[in-house]
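Build the 3D model from these lines:
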Amino acid sequence: MSLIDLNTTKSPHILVLGMGGTIAGLAKEPGSNPLEYQAGQVGIKGLLEQIQAAIPGDLKLASRQLANMNSKDLSESFLTQLGIAVKDSLKNPAVQGIVITHGTDTIEEAGFFLQATCGNAAETLGKRVVLTGAMLPNNAPGADGPNNLLGAIRWASTPLENCPGGIYAVFSGKVCMARDLAKRHGTALNAPLMDSPTSPIGLINPSWLSGVKAVELAWDTDFPIPQAGEWPWVEILTSHAGARAETITHWLSSQVEGLVLAGSGMGGFHEAWAEPLEKAASKGIALIRTSRTGSGTTYRDIPEKDPIGCRVAGSLSAPRARIALQLAINAAKQANLVGKPLTWQDFFARIADLPEIR
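Model prediction:
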């Protein structure tokens with residue numbers, strides 16, 4: 001492996017973008033307390049130097065540090081920066097693939113965002129964008145980051161005849177579509193994809209591959225990336241025992257443009273929300289209903305009839321539905337500016353109705 005200068009090279013290479021996270025974190029007492037650490041302490045070049053000996057010698061890598069943060073603090077402006085960097089790099093003929101190191105807390109949102117804004121470009125150009133990260137800090141015994149980074153680089157450079165280009169994620173030797181990332185465990189080493197449809201990197205599952213191709217066939221146009229200061233304001237609200245009407249009415253006098261409603265079970269709301277949700281819809285606030293369980297499908301008019309103006313999220317979790325709604329509202333605004341009478345519902349349906357990989 002050789003690390004090359006991103007500013008001067010025209011040689012074919014894999015681009016590695018650093019966003020920080022646990023994979024770049026350091027624990028004060030790694031041997032006795034590895035879970036007490038500070039994220040985003042090691043630069044991307046340092047992470048690559050640690051695995052340099054294990055990477056094939058003919059593979060060229062270039063790196064760029066976009067951020068070095070704790071991903072719990074991920075903002076829309078950082079997503080814009082990441083999306084533009086990926087989009088521009090995909091257009092570069094010298095870039096064969098892209099690997100992104102990212103914190104696992106919000107990798108679900110980042111993966112879904114990249115699928116929605118760069119997925120078609122990656123597939124059309126025949127390049128893989130691969131997210132990875134870690135559950136243990138860099139200096140912890142048995143740290144999972146190095147192997148995850150190696151696996152991501154391996155997947156980014158795997159021949160296209162094995163699997164098409166697109167937006168993927170790699171953890172613990174397995175690959176999934178980045179849109180399927182779902183961290184549902186606080187400490188398990190494969191937490192970001194343990195509940196996602198996956199395939200081993202070295203022996204691709206035919207059923208999974210068939211699902212990937214179906215999704216990519218259906219996704220034929222990428223959404224525009226919102227400018228840093230133009231992301232629509234969308235919040236997630238969770239229904240629970242003792243939920244109050246004020247949970248909804250609080251937002252009626254704000255500038256919020258959308259609410260993702262994480263209901264119980266199949267997406268049911270507390271009865272106290274019924275009247276204020278009607279008021280929210282009448283004010284033009286976009287409403288999306290999903291389930292707080294984090295998995296499964298939310299169906300239209302089940303378990304009760306949906307409020308007027310409320311759209312179901314399908315298989316999208318609340319964090320993914322929020323990103324989808326933000327992108328849909330932004331896309332509708334952009335379409336209206338050029339005289340296309342499209343609504344956020346038109347764009348949201350394109351995301352929520354994509355095929356599921358089972």
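
how about the strands in the stretch 101-250 of the chain?
128-132, 166-171, 174-177, 199-200, 234-238 (DSSP state E, counting those that start in this stretch).

Would you point to the one among these that's packed deepest?
strand 166-171 (a mean of 30; mean count of other C-beta atoms under 10 Å). For the C-beta atoms, the positions are set from N, CA and C on the backbone; glycine is no exception.

Hey, what's the angle from that one to strand 128-132? Just curious.
Between strand 166-171 and strand 128-132, the angle comes out at 30 degrees (axes from the mean of the first three to the mean of the last three C-alpha atoms, to 10 degrees).

Please compute how far strand 166-171 lies from its chain's middle.
10 Å (C-alpha atoms, centre = their mean, to the nearest Å).

Within the sheet, what are the partner strands of that strand, with directions?
Here strand 166-171 is paired, per DSSP bridges, with strand 128-132 (parallel), strand 174-177 (antiparallel).

Contacts for it, please.
Outside strand 166-171, the residues that touch it by C-beta atoms under 8 Å, 6 or more residues apart in numbering are 107, 111, 114-115, 118-119, 122-123, 128-133, 144, 148, 151-152, 154-155, 175-179, 181, 189-193, 201, 212, 216.

So what's the model's average confidence on that strand?
Across strand 166-171, pLDDT averages out at 98.

likewise stretch 274-284?
In this model, stretch 274-284 carries a mean pLDDT of 95.

which one of the strands paired with strand 166-171 lies closest to Pro341?
strand 174-177 (32.0 Å; C-beta to C-beta).

Spatially nearest residue to Lys174 (excluding sequence neighbours)?
Among residues not flanking Lys174 along the chain, Thr198 sits closest, at 4.2 Å (C-beta to C-beta, 6 or more residues apart in numbering).

Show the buried residues in the contacts of strand 166-171.
107, 111, 114-115, 118-119, 122-123, 128-133, 144, 148, 151-152, 154-155, 175-179, 181, 189-193, 201, 212, 216 (16 or more other C-beta atoms under 10 Å).

How is Leu15 assigned, secondary-structure-wise?
What DSSP: H, G, I helix; E, B strand; the rest coil gives for Leu15 is strand.

I'd say Pro197 and Arg179 touch.
No - applying C-beta atoms under 8 Å, one finds Pro197 not in contact with Arg179, separated by 10.5 Å.

so where do the helices sit in this structure?
44-50, 76-91, 107-125, 145-156, 206-218, 246-249, 274-282, 318-337, 344-352 (DSSP state H).

Output the longest one as PDB, nothing but the C-alphas.
Read that as helix 318-337. Provided in PDB are the C-alpha atoms of helix 318-337 (Å, rounded to 0.1, in the frame of the first residue of the first chain):
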ATOM      1  CA  ALA A 318     -37.600   7.400  12.900                       C
ATOM      2  CA  PRO A 319     -34.100   8.700  12.300                       C
ATOM      3  CA  ARG A 320     -34.200   7.600   8.700                       C
ATOM      4  CA  ALA A 321     -37.700   9.000   8.200                       C
ATOM      5  CA  ARG A 322     -36.500  12.300   9.600                       C
ATOM      6  CA  ILE A 323     -33.700  12.500   7.000                       C
ATOM      7  CA  ALA A 324     -36.100  11.400   4.300                       C
ATOM      8  CA  LEU A 325     -38.600  14.100   5.200                       C
ATOM      9  CA  GLN A 326     -36.000  16.800   5.300                       C
ATOM     10  CA  LEU A 327     -34.700  15.800   1.800                       C
ATOM     11  CA  ALA A 328     -38.300  15.500   0.500                       C
ATOM     12  CA  ILE A 329     -39.300  19.000   1.700                       C
ATOM     13  CA  ASN A 330     -36.100  20.500   0.300                       C
ATOM     14  CA  ALA A 331     -36.600  18.700  -3.100                       C
ATOM     15  CA  ALA A 332     -40.100  19.900  -3.300                       C
ATOM     16  CA  LYS A 333     -39.000  23.500  -2.700                       C
ATOM     17  CA  GLN A 334     -36.300  23.200  -5.400                       C
ATOM     18  CA  ALA A 335     -38.800  21.700  -7.900                       C
ATOM     19  CA  ASN A 336     -41.300  24.500  -7.200                       C
ATOM     20  CA  LEU A 337     -38.600  27.100  -7.900                       C
END
